[in-house]
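[1] Next come a sequence and a model predicted from it.
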Amino acid sequence: MNHLIPPSILPYVLPVLYGVVIVAVLPLLAGYIVLLERKVMADMQARLGPMRVGPHGLLQPIADALKLLIKEDIIPVKADLFLFWCAPVLSVTMALLAYAAIPFGPAFQIADLNVGLLFILAISSLGIYGIVLGGWASNSHYSLLGALRSAAQLVSYETAAGLALVSALMLAGSLSMKDIVQAQYDQGVWFIFVVPVGFFIYLVGSIAETNRAPFDLPEAESELVAGYMTEYSGFRWALYFLGEYANMVVVASIATTLFLGGWLRPFARYQDHLFGTSVELLDILPTILFLGVAVYSFWLAPKQPVKIQKIVMALVGGLCLVLAVGMAGALFAPDAVRMGVHGAFWFLAKVFTYIYAFLWIRFTFPRYRFDQLMRLGWHFLIPLALVNVVVVGTTIVLQQNWDWRHPMLTAIVTTAIMLGVAAFLGREDKQHQAAVEAPEP
Amino acid sequence: MPGAGVLPMPVDNYLLLSLALFAVGVVGVLTRRNVIVMLMSIELILNAVNINLVAFSRYWGSVDGQIFAIFIITDAAAEAAVALGIILAFFRNRETVLADEMDMLKW
Amino acid sequence: MSDTRTDDRSKFGEGVNATVLGADEIILNMGPQHPSTHGVLRVKLKLDGERVVGSECIIGYLHRGVEKIAEHRSYQQFAPYVDRMDYVAAVSNGLGYCEAIEKLLGAEAPPRARVVRTILTELQRIASHLLWLGTHALDIGALTPVFYCFREREEILKIFEKYCGARLTTHAFRIGGLQYETYDGFEQDVKRFCEDFDKKVDEYETLLTENRIWVGRTKGVGILSAEDAIALAVTGPVLRASGIKWDIRKAAPYAAYDQYEFDIPTRQTGDTYDRYVVRMEEMRQSRRICLQAIENIPAGPIMARIGKVLKPPPGEVYHAIEAPKGELGYYVVSDGTTQPYRVRVRPPSFINLQAFDKMARGSLVADVVAIIGTIDIVLGEVDR
Amino acid sequence: MTGSAASPITSVLFYIFALMAVASAVLMVTRRNIIHSAVFLITTLLATAGIFLQLEAEFLFVVQIILYVGGIMVLFVFVIMLVNLDVSLHLIQFNRQKYVAGVLAFVLTAQLLIAFWVGRSSLNLGDARAMDPKNTEAVGQALFQRYMLPFEIASILLLVAMIGAVVMAKRRV
């Protein structure tokens, strides 16, 4: 294949291929994450969720996309046309651009940049413009206020999330995403166990950064109606939505790469083999999982009331069976293919567990008021992140000099100190809270 | 990574580019009435300087030029913060952001 | 327009000032069709930045002139109108009206009717509080409780439907007693509902009571001191949350409330969190009453002998009951004909709404929604 | 970049970025609507970031985007929105001395061009030396070892700027 393409373009072919795959798959993925969210929300609220479009609502995202395409596209009068058009486009491109450096598997990565993580942080910090310019261009007092508020929220929580990442970076020692995962493999421990407080701060920071759950104030504020998205409708609004969900996946993949060991299988270094074959014991886990799901859906298929749903359940069962065979087949394939397939599976599994945590938090917590939100960001999270960086740094240096050589030790030491600091900040926050209430008549 | 190969482009292309940006920045500062656009033009001039620094840093193979560029960016950040603070305070009192209306030292 | 500018502006502290520069005070209009004003209530807020400096509630969008209609209807004909006032707690409206007329006639509903009336009214109180909790939590952002509350409320509405054929505007009672005998299985349904309702309330409480964000959004918001509560003649859970132990079911027992013992929850600080706790406790107490009442529903007739055409002797009566929102009073004047001369209703929501300005002043715009929710108003009753 | 002997890709990239930078700079200066000129300045900054990347200054590329475009320009757009500039749209944007300024700028550029033309021979000093491939580590080491003092002075400068900005933003000023 190499001789077909002129040498100077060869290094760009594979990344472009991966890029096309990601840009094609992502809107579909974002659509199905919306369906997943609605189904999980329904399940938590003792109801069924979308069931009408396609069996079990499986065709709902396609129906949504179609509806949004056909829906009338209203542009407010005197709106700033150039900005009104380019704001949603900007927020989607920034979200998609961040995928350039995310390693979906040991092989499947568009560009292993030397400054991988910083690049993703930089691109996601550009997402603010999509919101701010959108709010300004729709020429209405409410959306401007919403845009200003969400921009302020993004800026302050980005610092907290960035500092939380720094604490994990110190352990990894490199910015490139592949090296970070490699470092977690070499040290034999996921960084979530070494810097749990960093993971917590990043979890909270990433929720605020994607404008979700308890921090989704700019859109859902009762008197701001829908914040900066108020004037958008039809496909433009869908672009904003796609941008938000793509951002959610980006944030989830950063957390997976940095804290949950990227494409590493849990207990990656546990290598003893399955009765003599070349298959590592834990590698058969994905196959068992898919087999289980396949059996369950086959068992469920005849029970479905409607004939069409019977077929769908059977199809789902078949799909899981194919995947199980694929996973098993990959076991005996050459090393690169096995690492690639299993790596991608573990990476996506962790990304979806992280996104499930997003959904779970969204349906259990009420919304923060704007000043509480800012106070949490500035008075609690950022100082906590700063102290976390200092504490992790000192423990690493001490570990190297005094040779404590036990990763769990750093975890215990850092968490103990951080809990002390969190308590102190919490108490100080309560005093402030009491001070605010007392003078009120 | 590239060995000791020649610079991707001869260095004078970068100088011409930074000269062009510098000229546009100067025109911006001199001709615009609105203080915020003047500030933006100053940011543009600082950026032109940065291109020069990085071009020569690549030419000499050392990172000193890039370090200096980082210092210039931090300085630009500090300057922008204070300048915008002044503009906000000024706008709150005099309802104007036009440079030639800021002619009174005390009002 | 209560625009007496507060003299000392520093009292409000340095709230987040997101107003557009230069505009010192803006009037924000939360229009009649706002998602969280519980019906057609228009609130004009005077804002200084994020802080509410003054507010004015403009009502009347749902005014149907019920009291005027009453003067051209016979006593029995007017009974269904009463349900349309507080459409969330229709049964207790009916109870208030029927007992007022019975007092006017000097008649007395038979014991069996009184006990069944108490059970249905208490079930209606639980349903009304459930609807309040669902929408209040939804306004503050918790998406899940509303579905749990409506699941329980559905059970109650099923019981109403089996008993009198209607779910919301039930017209369950008649002057002098009941129209329908309780369907067989009535006791089992109510017992089954009350049995697992306690667990359900615990479910809501696990979701909300210790939830840091919920506490943060409700504690210290919309504070109403005891003196202000009395001055504004506020009644019901809003009054009890400010520390005053006043409940008409204990003060002037009506129907069969004197036969059961239940206690009246009260709190001291009178903020949104306290009103939430009071109402949750009230639901548990109502369940207790229903359980006691179900034990022994006395046998006997369900309708007093007052004849088809009601001509109460000329005179006037004022009869108040403890509706879920507060003291619901009926002042009926009869001139000896079959039609009342005047029916004046004391709606608790209308009077509780007057406390809104006192609560909203000094709070943030985001809290206004929580404050409207915590007063628990129904615009049908406010506008009549 | 894999710029082996000025391969076509890198030179094409350079011309794209250069053209983008100059075009949006000119547009920035001439636009009447302030928000549009802010957006064009952002495109210029992104174009210059591209040029930094081409000059193998990866760390600076990322710093430029995070700090300049993600930080300072957000501040500018914030202030433009807060100052609610639609009132100044129909005011004349260019002051009267724009012709004099144009001539002055032209003279300045001509001077620089001549200086550049004369000194052209001194620039081609043979091949460029090799860059350290691990750019970020090199910048890190230099920043915290050789340039420790300027680093501390820069942090003090930022502190002073923060205090200045806070004082300026006080309501009671």
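    Nice, I can see it. In this text, all values refer to a predicted model and were calculated from it rather than measured experimentally.

[2] Got the phi and psi for residue C:187?
    In terms of degrees, to the nearest 10, the main-chain angles of residue C:187 are phi -60, psi -40.

[3] That one against residue C:295, yeah?
    No: contact criterion C-beta atoms under 8 Å: residue C:187 and residue C:295 do not qualify, at 9.1 Å. In this view, the C-beta of every residue, glycine as well, is placed from N, C-alpha and C.

[4] which residues touch residue B:83?
    By C-beta atoms under 8 Å, 6 or more residues apart in numbering or on different chains, the contact list for residue B:83 reads residue B:39.

[5] Can you tell me how far residue C:127 is from chain B?
    To chain B, residue C:127 is 53 Å away according to C-beta to the nearest C-beta, to the nearest Å.

[6] burial count for residue C:117?
    26 (other C-beta atoms under 10 Å in any protein chain shown).

[7] buried sites along whichever helix or strand it is part of?
    Element membership of residue C:117 [criterion: DSSP states H and E] is helix C:111-140. In terms of neighbour count (16 or more other C-beta atoms under 10 Å in any protein chain shown), helix C:111-140 has its buried residues at C:111-140.

[8] need the residues of chain B near chain C, please.
    Contact residues, chain B versus chain C (C-beta under 8 Å from any C-beta of the partner chain): B:88, B:91, B:92, B:95.

[9] and chain C, what are its domains?
    As assigned by automatic domain parsing, chain C contains the domains C:2-58, C:66-383.

[10] Apologies, that question was intended for chain D.
    Residue ranges for the domains of chain D, per automatic domain parsing: D:7-86, D:134-173.

[11] Out of these, which is the most enclosed?
    Taking mean count of other C-beta atoms under 10 Å in any protein chain shown as the contact definition, the stretch among these with the greatest mean neighbour count is domain D:7-86, which reaches a mean of 21.

[12] anything in that domain sitting right up against chain A?
    Yes: judged by C-beta under 8 Å from any C-beta, domain D:7-86 and chain A are in contact via D:7-9, D:33, D:35-36, D:39, D:42, D:58-59, D:61-62, D:65-66, D:69-71, D:74, D:77-78, D:81-82.

[13] residues contacting residue D:15?
    By C-beta under 8 Å, 6+ apart, the contact list for residue D:15 is empty.

[14] Any figure for the gap between it and residue A:108?
    Using C-beta to C-beta, to the nearest Å, we find residue D:15 at a distance of 33 Å from residue A:108.

[15] Could you do residue C:309 as well?
    Applying C-beta to C-beta, one obtains 87 Å for the distance of residue C:309 from residue A:108.

[16] where do the helices sit along the stretch 201-350 of chain C?
    With DSSP state H, counting those that start in this stretch, the ranges of helices along the stretch 201-350 of chain C come out as C:212-218, C:226-231, C:237-241, C:248-251, C:272-295, C:348-353.

[17] now the first one: mean pLDDT?
    It stands for helix C:212-218. Looking at helix C:212-218 alone, the average pLDDT works out to 88.

[18] mind listing what's buried in that helix?
    C:213, C:214, C:215, C:216, C:217, C:218.
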